[in-house]
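Asker: Output the structure for:
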Amino acid sequence: MDDLSPRGGPADGSRRDLAQAIARAHRIVVFTGAGISTESGVPDFRSPGGVWSRMKPITFQDFVGDESRRREAWTRTFSGAARWTGAKPNDGHAAVARLVAQGKTTAVITQNVDNLHQDSGVPADRIIELHGNAHYARCLACGLRHEFEDFRETFVERGVIPACRECGGLVKSATISFGQAMPTGPMARAEAATLDCDLFLVLGSSLVVYPAAGFPLLARRNGAMLAIVNREPTDQDPYADLVLHDEIGAVMSQV
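Answerer: Modelled structure (predicted):
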């Protein structure tokens, strides 16, 4: 933020202000974090009662290097312990889907892995998943996609750790784990969309996880309006043009 100054006045705004900003915009990028999905019952990561308060994360290095940790990771997947799957989209997801359908939104950049934007009707080619997806798996060697159901019987009933059907490589949930490199393709697409937008709308992100949290500031540096809707204050609130501390679903439904 060394070349970015905070806004001179208060950025607090109303739902009417946000509605007007959306109406004026032509190329909106929506950036979503855990806060949009907690309203669907999906837990976030860091708060009390969140995923990492209930189970220690398994790093990418541990998954690759330790068979017992791989087995634990797959046990969590099939037990649904993280509760990332099985939820339904809420009013916030539906509102984002309507913005996309209206042609005003060029991309939905998400830190979430729950597939709820897809489930709400946003076309997959408009969604940029920075942290992957918890609904399927990929081979770490050749990249082939695998569905969890292909492995359920052999793992749950016989304890066989999944391997790629094509190359025999390690297969892992398609989420990005701690210590795993960020996906270059989605990061490049997110940067391009950010630089092309005239309104960057943050919904439900605490904006503390980098490099993903750098996109809102990149948009503002490039001349886009920055709006943040989040229940709690973020470190980037002083740099935004408009800030609402409110529930995502209620705000976006009205807007």
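
Asker: quick one: what helix or strand has residue 36 in it?
Answerer: Assigned by DSSP states H and E, residue 36 belongs to helix 34-38.

Asker: Show the average pLDDT along that helix.
Answerer: Averaging pLDDT along helix 34-38 yields 93.

Asker: Can you list the neighbours in contact with it?
Answerer: Outside helix 34-38, the residues that touch it by CB atoms under 8 Å, 6 or more residues apart in numbering are 42, 44-45, 87, 90, 92-93, 96, 111-112, 114, 116, 203-206, 230-231, 248. From N, CA and C alone the C-beta is placed, and that goes for glycine too.

Asker: which residues of the stretch 1-150 of the chain fall in helices?
Answerer: 15-24, 34-38, 51-54, 60-65, 67-79, 91-101, 116-119, 149-158 (DSSP state H, counting those that start in this stretch).

Asker: Which of those comes out lowest on mean pLDDT?
Answerer: helix 51-54 - the lowest mean pLDDT of the helices of the stretch 1-150 of the chain, at a mean of 53.

Asker: quick one on the thing from earlier: quick check: which of the helices of the stretch 1-150 of the chain is buried the most?
Answerer: helix 34-38 (a mean of 25; mean count of other CB atoms under 10 Å).

Asker: Just the ones in strands from the contacts of helix 34-38, please.
Answerer: Per DSSP state E, strands hold the following members of the contacts of helix 34-38: residue 203.

Asker: Narrow the contacts of helix 34-38 to just the buried residues.
Answerer: 42, 44, 87, 90, 92-93, 96, 111-112, 114, 116, 203-206, 230, 248 (16 or more other CB atoms under 10 Å).

Asker: OK, contacts around the closest residue to residue 199 other than its chain neighbours?
Answerer: In space, and not counting its chain neighbours, residue 199 is closest to residue 25: 3.7 Å by CB to CB, 6 or more residues apart in numbering. Shown in contact with residue 25 (CB under 8 Å, 6+ apart): 104, 197, 198, 199, 225.

Asker: And the closest residue to residue 107 other than its chain neighbours, how far from residue 21?
Answerer: What sits nearest to residue 107 in space, not counting adjacent residues and going by CB to CB, 6+ apart, is residue 193, at 3.9 Å. Distance of residue 193 to residue 21, computed by CB to CB, to the nearest Å: 18 Å.

Asker: Quick check: bridge partners of residue 227?
Answerer: residue 201, residue 242 (DSSP bridges).

Asker: Could you check how many residues crowd around it?
Answerer: 24 (other CB atoms under 10 Å).

Asker: per-residue confidence for it?
Answerer: pLDDT at residue 227 comes out at 97.

Asker: tell me the contacts of it?
Answerer: Per CB under 8 Å, 6+ apart, neighbours of residue 227: 13, 18, 21, 199, 200, 201, 202, 240, 241, 242, 243, 244.

Asker: Check what pLDDT residue 44 gets.
Answerer: 67.

Asker: er, residue 9 actually
Answerer: pLDDT recorded at residue 9 is 46.

Asker: what about the closest residue to residue 186 other than its chain neighbours, how many neighbours?
Answerer: Leaving aside its chain neighbours, residue 186 sits nearest to residue 128 (5.0 Å; criterion: CB to CB, 6+ apart). Residue 128: 24 surrounding residues under other CB under 10 Å.

Asker: just residue 140 next, same as before
Answerer: When neighbours are counted by other CB under 10 Å, residue 140 comes out with 16.

Asker: Quick check: chain neighbours aside, which residue is closest to it?
Answerer: Counting by CB to CB, 6+ apart, the residue nearest residue 140 is residue 170, at 4.7 Å.

Asker: and the one you found, what is it in contact with?
Answerer: 63, 64, 70, 139, 140, 141, 163, 164.

Asker: I'd like to know which of those residues is nearest to residue 219.
Answerer: Comparing these against residue 219 with CB to CB places residue 140 closest, at 32.4 Å.

Asker: So that closest one versus residue 120, what's the distance?
Answerer: Distance from residue 140 to residue 120, by CB to CB: 30 Å.
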